[in-house]
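Undergrad: A predicted structure for the sequence below; I have some questions about it.
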Amino acid sequence: MVCGSLCFARSLLLSYIPVFIMFLTDAFNIISLDSVNNYYRKYSANQKVGSFHYVHKTPFGNYSFICADATITPGPKRPYNFYGILNQTQMDLLASFRTESHSSNQTIWFGHYTTSTVISPFPGLRGVMSSAVAYLCGHLHTLGGLMPVLHSRHPEGTLELELGDWMDNRRYRVLAFDHDLLSFMDLKFQQWPAVLITNPKEAQYLHPGVEPLGRIQSSTHIRILAFSDAPVTAVHVSVDGVEMGEGQSAGGPLYVVPWEPSLYLAGLHTVTVKVKDAVGRSTFREQLFTLEEDLSPSFGFFQSFILLTDHYILVRRQRTILDCPVRLEIRTGDLPVVDLPLSLGNMPISTDCCVRLLTLCLFAGPWFIGELIDGHSGACFAFGVVIDGHFLEGSLTYVVGVGQLLFFNMPLTCYLCWSLHLRSRGNSFRSHFLRPGYRWKTLGVHTAMLLLLAWQGYSCYFLLETYGPLAFFLSPVRTWAVGIALLLVYRAWKGPAPCLRDNSKTTTAS
């Protein structure tokens with residue numbers, strides 16, 4: 001979700017214009033745009049379908065707002081609606097919007113998905129919005145609280161500003177253009193007073209290639225927007241710890257304090273504002289600023305990695321893991337190396353077929369068949385999702401598939417190899433616990449396998465809760481895999497003891 005009230009400032013007389021509230025979500029559990037569950041169609045401010053270009057006109061210039069709609073139709077339930085997709089036609093439309101916006105003072109792009117979770121043809125979403133001052137999004141929000149501030153800057157200079165969610169945390173954003181310099185603040189609903197310093201602009205969010213930063217040096221006043229549901233009674237301003245005086249109202253929510261920019265030409269400085277309202281509440285806001293265009297604090301590594309990495313490319317490259325030949329060597333103190341291919345070729349034929357079936361289902365699918373959208377059945381494969389005849393290209397499916405391989409199929413196979421090795425040495429399930437010095441190690445191996453089975457069982461429960469009973473019973477990769485795993489473990493310990501080949505001996509020519 002992206003929410004914002006847009007304010008435009010010109011000179012000392014602020015023209016305060018609340019423009020619109022934007023509401024843009026992903027397509028979650030939506031079969032089509034005409035669905036009764038399409039809340040965007042019902043509650044959005046403009047109810048436009050797809051990407052669009054809105055131009056806000058003022059006496060002092062125009063400001064463009066371009067919506068990049070990468071939502072997929074139909075939109076399945078979680079988690080397979082995680083990535084957005086833009087086709088070539090949609091990219092061409094966005095490119096035309098970019099061309100139209102060149103005559104505007106400034107341009108802001110917005111959309112639900114981060115650029116890192118949008119699949120698009122060359123030059124990509126970041127490339128097509130390279131002339132914008134900022135891109136507003138809300139898909140990842142705060143990563144469940146792990147990243148309270150998720151902002152970064154594209155290589156071209158465009159700011160990408162993720163916003164916390166409204167549903168659980170009631171977060172919203174206020175933006176303002178002050179002499180074509182963009183400022184913003186992320187706020188929590190009903191926390192007053194709200195304070196936004198528009199001049200001087202915060203150093204970390206400067207955009208020298210697009211914004212007229214020289215206007216900060218030529219300005220005569222520090223400017224602050226202060227809002228509250230009660231009258232604002234005091235606005236105190238200081239720079240680098242030096243009191244600048246009390247802000248004077250210049251109309252509406254705008255407060256100003258005279259200053260001399262020439263005193264702050266070099267380095268980073270701190271402007272501090274404290275606002276009080278009539279009911280005794282106060283807000284303290286502090287931000288760094290600089291008058292040097294080439295001096296701007298960088299964003300954190302993790303924020304930049306999350307927002308600037310094309311994760312769908314990394315995800316698709318994970319398919320190579322599925323193609324890697326893997327062999328397991330078990331070394332023992334008194335036995336030569338026993339080489340066990342992960343196909344478990346030394347097991348009984350029926351058991352080996354079960355292992356091959358697990359792997360085949362993971363590669364070729366379907367993983368499950370069920371209600372991917374309420375009232376509409378579909379099938380999930382490694383390469384994508386099929387719903388009512390519509391094919392949705394796979395991305396997150398590769399992550400799920402690799403996770404299934406690494407955290408269930410391969411550990412299960414290794415556990416079975418270990419069990420067969422013990423059986424080949426004459427151990428039973430009960431007797432192998434009694435080996436001197438190995439009791440705790442043995443217990444650890446079994447505990448790890450139980451945890452993996454529990455994880456697989458939970459994934460079956462998630463499947464049942466999300467996609468219904470049909471998906472639960474028609475899921476070779478999840479539900480069936482639990483049954484097959486239990487059968488394999490039983491056969492490994494209760495079936496005939498295997499006779500493993502010894503690869504340490506080689507035949508030489510006489």
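TA: Arrived safely.

Undergrad: Every contact and neighbour count from this point should use C-alpha atoms.
TA: Will do.

Undergrad: which residues of the stretch 351-500 of the chain score low on pLDDT?
TA: Along the stretch 351-500 of the chain, segments meeting pLDDT under 70 span 351-352, 437, 498-500.

Undergrad: Strands of that one, start to end?
TA: Counting by DSSP state E, counting those that start in this stretch, one finds strands in the stretch 351-500 of the chain at the ranges 368-373, 376-381, 384-387, 390-393.

Undergrad: how about CSV for these, with mean neighbour count and distance to Phe122 added?
TA: CSV is the format used below for those (neighbours: other Cα atoms under 10 Å; distance: least, Cα to Cα, whole Å):
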stretch, mean neighbour count, distance to Phe122
strand 368-373, 24, 30
strand 376-381, 20, 26
strand 384-387, 20, 21
strand 390-393, 16, 17
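
Undergrad: And those strands: which comes nearest Val445?
TA: Nearest to Val445, of all these, is strand 368-373, at 29.7 Å by Cα to Cα.

Undergrad: quick one: contacts of that closest one?
TA: If you take Cα atoms under 8 Å, 6 or more residues apart in numbering as the criterion, strand 368-373 is touched by 29-31, 75-77, 377-381, 387, 467-472, 474-478.

Undergrad: hey, where'd the helices end up in this protein?
TA: 39-43, 88-101, 124-128, 214-217, 301-308, 311-317, 319-323, 349-364, 396-404, 410-424, 439-467, 469-473, 479-494 (DSSP state H).

Undergrad: These: which one's closest to Phe82?
TA: That would be helix 396-404 among these, by Cα to Cα, at 7.0 Å.

Undergrad: Just the buried positions in that closest one, please.
TA: 396-402, 404 (16 or more other Cα atoms under 10 Å).

Undergrad: list the helices and strands that helix packs on?
TA: Where contact means 3 or more Cα pairs under 8 Å, 6 or more residues apart in numbering; DSSP states H and E, helix 396-404 is packed against helix 311-317, helix 319-323.

Undergrad: which stretch in these has the least confidence?
TA: Note on these: lowest mean pLDDT is at helix 319-323, with a mean of 55.

Undergrad: Can you pull up the most central residue in the chain?
TA: By Cα atoms, centre = their mean, the chain has its centre lying nearest to Leu140, at 3.9 Å.

Undergrad: Give me the pLDDT value at that residue.
TA: For Leu140, the predicted pLDDT is 91.

Undergrad: can you tell me which residues contact Asp240?
TA: 269-272.

Undergrad: Which of these fall in strands?
TA: 269-272 (DSSP state E).

Undergrad: most surrounded residue in those residues?
TA: Counting neighbours by other Cα atoms under 10 Å, the top entry in the ones in strands among the contacts of Asp240 is Val271, with 23 neighbours.

Undergrad: so what's it closest to, chain neighbours aside?
TA: Val239 (4.4 Å; Cα to Cα, 6 or more residues apart in numbering).

Undergrad: just the strands in the stretch 101-250 of the chain please.
TA: Using DSSP E, counting those that start in this stretch, strands in the stretch 101-250 of the chain cover 106-110, 118-119, 134-137, 151-153, 159-162, 171-178, 181-188, 194-199, 221-227, 232-239, 242-246, 248-249.

Undergrad: With Val489 as the reference, name the closest of the ones you listed.
TA: Nearest of those (Cα to Cα): strand 118-119, 41.4 Å.

Undergrad: List the strands paired with the closest one, with their directions.
TA: strand 84-85 (parallel) (DSSP bridges).

Undergrad: ok, residues contacting the strand it pairs with?
TA: By Cα under 8 Å, 6+ apart, strand 84-85 touches 70-72, 113, 117-120.

Undergrad: nearest to Ala176, of those?
TA: Tyr113 (22.6 Å).

Undergrad: distance of the nearest residue to that closest one once chain neighbours are set aside from Gly111?
TA: Nearest residue to Tyr113, sequence neighbours excluded (Cα to Cα, 6+ apart): His139, at 4.9 Å. In this view, His139 and Gly111 are 9 Å apart by Cα to Cα, to the nearest Å.

Undergrad: Likewise for Ser459?
TA: Ser459 sits 31 Å away from Gly111, taking Cα to Cα as the criterion.

Undergrad: okay, these two: which has more neighbours?
TA: Gly111 (25 against 15).

Undergrad: Next, the more buried one: phi, psi?
TA: Recorded main-chain torsions at Gly111 are phi -170, psi 170, according to degrees, to the nearest 10.

Undergrad: Look up how far Gln217 lies from it.
TA: 33 Å.

Undergrad: do Thr99 as well
TA: 31 Å.

Undergrad: Tell me which of the two has more neighbours.
TA: Higher neighbour count among Thr99 and Gln217: Gln217, with 17 against 11, using other Cα under 10 Å.

Undergrad: Now for the more buried one: which residues touch it?
TA: Contacts of Gln217 (Cα under 8 Å, 6+ apart): 261-262, 291.

Undergrad: what's the neighbour count on the residue nearest to Tyr113?
TA: 24.

Undergrad: cool, the one 10 residues further on as well?
TA: Val149: 17 surrounding residues under other Cα under 10 Å.

Undergrad: thought it was touching Thr142?
TA: Yes. Using Cα atoms under 8 Å, Val149 is in contact with Thr142, at 6.7 Å.

Undergrad: which residues do these two both contact?
TA: In contact with both Val149 and Thr142: Glu162, using Cα under 8 Å, 6+ apart.

Undergrad: Out of the ones in strands among the contacts of Asp240, which comes closest to Pro231?
TA: Of all the ones in strands among the contacts of Asp240, Pro231 sits closest to Thr272, with 20.6 Å by Cα to Cα.
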